[in-house]
Each structure stands twice: as structure tokens, then as C-alpha cells.
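Asker: coords please:
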Amino acid sequence: MACGTVAAPLMMRIVASSIQIAVRAGRIIRDVMAKGDLGIVEKGKDDLQTEADRSAQRCIVASLTKLFPNVTIIGEEGATDLKVPDDWLISEVNTEFLERNSCPEPLKQIKESDLVIWVDPLDGTGEYTQGFLERVTVLIGIAVNDRAVGGVIHQPYFKDDKGQLGRTIWGVQGIGVGGFTPKQPPADRFIVTTTRSHSNAIVQAALDAISPDDVLKVGGAGYKVLQLLEGNAHAYVFASAGCKKWDTCAPEAVLEAHGGKLTDILGRHYRYNKDVSFPNTSGILGSAKGISHDELLGKLPDSVKQAMNKTQ
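Answerer: Just a heads-up that it's a prediction; the model follows:
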């Protein structure tokens with residue numbers, strides 16, 4: 001770790017490290033795709049795992065564990081082999097993040113035991129295997145005492161104006177967001193993003209109640225939240241139990257750091273402590289900055305809320 005960064009508060013060091021680690025995980029994801037053998041394993045119905053999922057998680061968890069040994073880390077792919085190639089162990093931090101931002105007062109005194117890091121090494125595995133590569137994200141979410149407060153979203157296949165691959169977005173409550181330029185959604189129509197492949201009658205009933213002018217059906221919770229941050233959609237509506245904590249911790253933190261909101265279908269924030277169950281059993285409702293979350297909640301019918309009223 002670079003000289004001088006050790007003095008930075010724990011929260012800032014974790015975010016700065018996670019930015020660099022996510023970039024390395026993104027390179028692993030691209031390398032696996034380039035080799036052509038994805039090593040697909042079917043974990044369950046419509047639930048795939050690839051060599052990229054497994055290797056990216058090993059990189060992320062091994063790096064974070066070495067840097068922050070007393071932080072609880074929960075990854076989508078379960079127990080992780082921490083013996084990884086040397087070039088997968090990332091110890092450097094993003095110095096630009098540390099130099100340009102000050103730690104918010106409420107986060108200055110947190111300890112490693114207060115934290116849980118939720119890792120989705122490859123959000124949008126279905127998109128990855130089907131060639132929708134721009135929708136793939138690496139998600140590292142940081143929770144403090146149950147709440148998502150920091151997050152990193154890396155897009156391995158984002159291409160900038162110069163043709164460079166990869167973009168890393170971050171957000172911390174009390175600081176804001178970085179790594180991109182947020183945009184507001186259009187004022188002349190209302191756009192909702194939702195699932196591409198996991199719809200059902202309740203999901204459709206929620207969408208019908210919102211009455212959007214357009215619906216963006218895409219995969220990956222990270223990519224859906226990016227639609228809200230980049231002005232492509234006003235709301236993220238998913239009245240189903242398909243997502244899990246590692247899908248939403250980082251996106252929730254980034255969206256709320258920018259002034260948006262992400263809750264379940266009943267308007268409750270999910271809890272991200274180490275003892276919670278993994279499924280987000282009560283669905284997802286996200287709203288972009290400047291969009292009334294309460295107004296969206298008010299449009300959802302009681303039948304949808306009752307169907308989603310499950311213990312978190």
C-alpha cells in the first residue's frame with residue numbers, strides 16, 4: 001500500500017482498494033472470454049456460473065482478505081480458494097480517490113468488525129454467456145452496521161471515446177459518486193428498467209401500475225441501476241425475489257450516494273449484516289435522483305405489495 005494511505009480512514013482505504021481490485025477482476029473476465037472456454041456450470045434453474053465468475057471472485061476476495069483480514073466478505077460463489085496467482089493479488093489503492101475526497105465524519109471511526117463486503121464478481125452471467133457484454137458488471141458493496149454505504153461498479157466491456165476498455169464507478173454516502181458523469185432522465189416521458197428474463201404475472205402487474213412510456217428489459221442489477229444513474233431510466237421495478245444481497249449492495253450504495261433510492265417493493269431498505277439471508281425476497285424498487293420514491297410506492301397495488309410482503 002502506498003506511503004501515506006495507511007493514515008486514511010478504513011472506509012476510504014477499502015473503497016480505494018476496491019476500485020483497483022475491481023479493475024483487475026474485469027481483466028480476468030475479459031481474459032476468460034478471449035480464451036473461448038467459459039467453463040459454464042449450472043448452479044440451478046436459470047442460474048449459471050462461469051470460469052470468469054469463479055476466477056474474478058478469487059481475485060477480489062483474496063485481495064480484500066489480505067488487506068483487511070478482519071472484515072467479513074460474502075461472495076456470490078461461496079467459499080473461495082485464497083491461493084491465487086501473484087498478479088491477482090492487488091495491494092495498490094486508487095490514489096486519485098484518496099487525494100480528492102475526505103471521509104465523511106460518521107464513517108471515520110468504523111472498525112473492520114462493523115463492516116461486511118458483498119461481492120458479485122460477475123453480475124449478469126446470463127448476459128455474459130449470451131454476448132450482451134456491455135451489461136456485465138463487477139460489484140463490490142460495503143455495508144456498515146446493516147446499511148449499504150459504499151460501492152464500486154466496474155464495467156469490463158465499457159468502451160470510452162478513445163477505445164479503452166473498462167470503466168469503474170464508485171459511490172460513498174456523504175461524498176457522492178465518481179468515475180462517470182451522472183445524467184438526469186428525460187422530462188417528457190417516463191422510462192422503467194426491469195428484468196429481461198425473469199418476468200411473471202406479479203412483475204408485470206407492478207410495471208402496469210407504474211404505467212411507463214417505455215420499458216428497458218436488461219439483465220444484471222448493476223446495469224439496471226446504471227440506467228438510473230446515466231439518465232436512461234427513471235425507475236427500476238422488479239416485483240420478484242430473484243435478486244440477492246450481493247446483487248444490490250453496491251448498486252444501492254452508489255445510487256443513494258447520488259441522491260436516488262433503492263428499497264424493496266414495500267419501501268424498506270434491505271439489511272446487509274453478515275447474518276442476513278441472501279435472497280432479496282421482497283423485490284426491488286429503485287428511483288433516480290429527483291424522482292419521488294414515495295410516489296412510485298403509492299402507484300403499486302396492494303396485491304403486488306402483499307405478494308412481496310415477506311421477511312427480509
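Asker: now do stretch 233-244, average pLDDT.
Answerer: The average pLDDT for stretch 233-244 rounds to 94.
Asker: verify the stated contact: Phe238 with Ile284.
Answerer: Yes. Proximity of Phe238 to Ile284 meets the contact threshold set by CB atoms under 8 Å, at 4.3 Å. Glycine gets a C-beta too; all of them are placed from N, C-alpha and C.
Asker: packing partners of the host helix or strand of Ser63?
Answerer: Take DSSP states H and E as the rule and Ser63 turns out to sit in helix 51-67. Using 3 or more CB pairs under 8 Å, 6 or more residues apart in numbering; DSSP states H and E as the contact criterion, the elements in contact with helix 51-67 are helix 10-35, strand 72-75, strand 115-123, strand 137-144.
Asker: quick one: the strands in this structure?
Answerer: For the chain, strands defined by DSSP state E occupy the ranges 41-44, 47-49, 72-75, 115-123, 137-144, 147-159, 165-172, 176-178, 191-194, 214-217, 235-238, 261-263, 284-287.
Asker: give me whichever of the helices and strands packed on helix 51-67 is most buried.
Answerer: Of the helices and strands packed on helix 51-67, the one with the most neighbours on average (mean count of other CB atoms under 10 Å) is strand 137-144, at a mean of 29.
Asker: CA-only coordinates of that one, as PDB, when you get a sec.
Answerer: Provided in PDB are the C-alpha atoms of strand 137-144 (Å, rounded to 0.1, in the frame of the first residue of the first chain):
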ATOM      1  CA  THR A 137     -20.500  -5.600 -14.100                       C
ATOM      2  CA  VAL A 138     -18.200  -6.400 -11.200                       C
ATOM      3  CA  LEU A 139     -19.900  -5.300  -7.900                       C
ATOM      4  CA  ILE A 140     -18.200  -4.700  -4.600                       C
ATOM      5  CA  GLY A 141     -20.600  -3.400  -1.900                       C
ATOM      6  CA  ILE A 142     -19.600  -2.100   1.500                       C
ATOM      7  CA  ALA A 143     -22.100  -2.300   4.400                       C
ATOM      8  CA  VAL A 144     -21.700  -0.600   7.800                       C
END
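Asker: how far away from the center of its chain is that strand?
Answerer: The chain centre lies 6 Å from the centre of strand 137-144; the measure is CA atoms, centre = their mean, to the nearest Å.
Asker: and that strand, which strands flank it?
Answerer: Based on DSSP bridges, the pairing partners of strand 137-144 within the sheet are strand 115-123 (antiparallel), strand 147-159 (antiparallel).
Asker: for Gly171, see how far away the closest residue to Gly141 other than its chain neighbours is.
Answerer: Residue nearest to Gly141 in three dimensions, not counting chain neighbours: Cys249, with 2.6 Å by CB to CB, 6 or more residues apart in numbering. When distances are taken as CB to CB, to the nearest Å, Cys249 and Gly171 turn out to be 11 Å apart.
Asker: next: Asp208.
Answerer: To Gly171, Asp208 is 31 Å away according to CB to CB.
Asker: the two: which is more packed in?
Answerer: A count of neighbours by other CB atoms under 10 Å puts Gly171 above the other of Asp208 and Gly171, at 29 against 12.
Asker: tell me the contacts of that one?
Answerer: Residues near Gly171 by CB atoms under 8 Å, 6 or more residues apart in numbering: Gly150, Gly151, Val177, Gly178, Ala253, Val254, Leu255, Glu256, Ala257, His258.
Asker: so the third one touches Val254, yeah?
Answerer: Meaning Val177. Yes. Judged on CB under 8 Å, Val177 makes contact with Val254 at a distance of 5.9 Å.
Asker: overlap in contacts, these two.
Answerer: Contacts common to Val177 and Val254, judged by CB under 8 Å, 6+ apart, are Ile169, Trp170, Gly171, Leu229.
Asker: just put those residues in a markdown table and tack on pLDDT and distance to Leu266.
Answerer: As requested, the shared contacts of Val177 and Val254 are arranged in a markdown table below (pLDDT from 0 to 100; distance: CB to CB, whole Å):
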| residue | pLDDT | distance to Leu266 |
| --- | --- | --- |
| Ile169 | 98 | 28 |
| Trp170 | 98 | 29 |
| Gly171 | 98 | 24 |
| Leu229 | 98 | 24 |
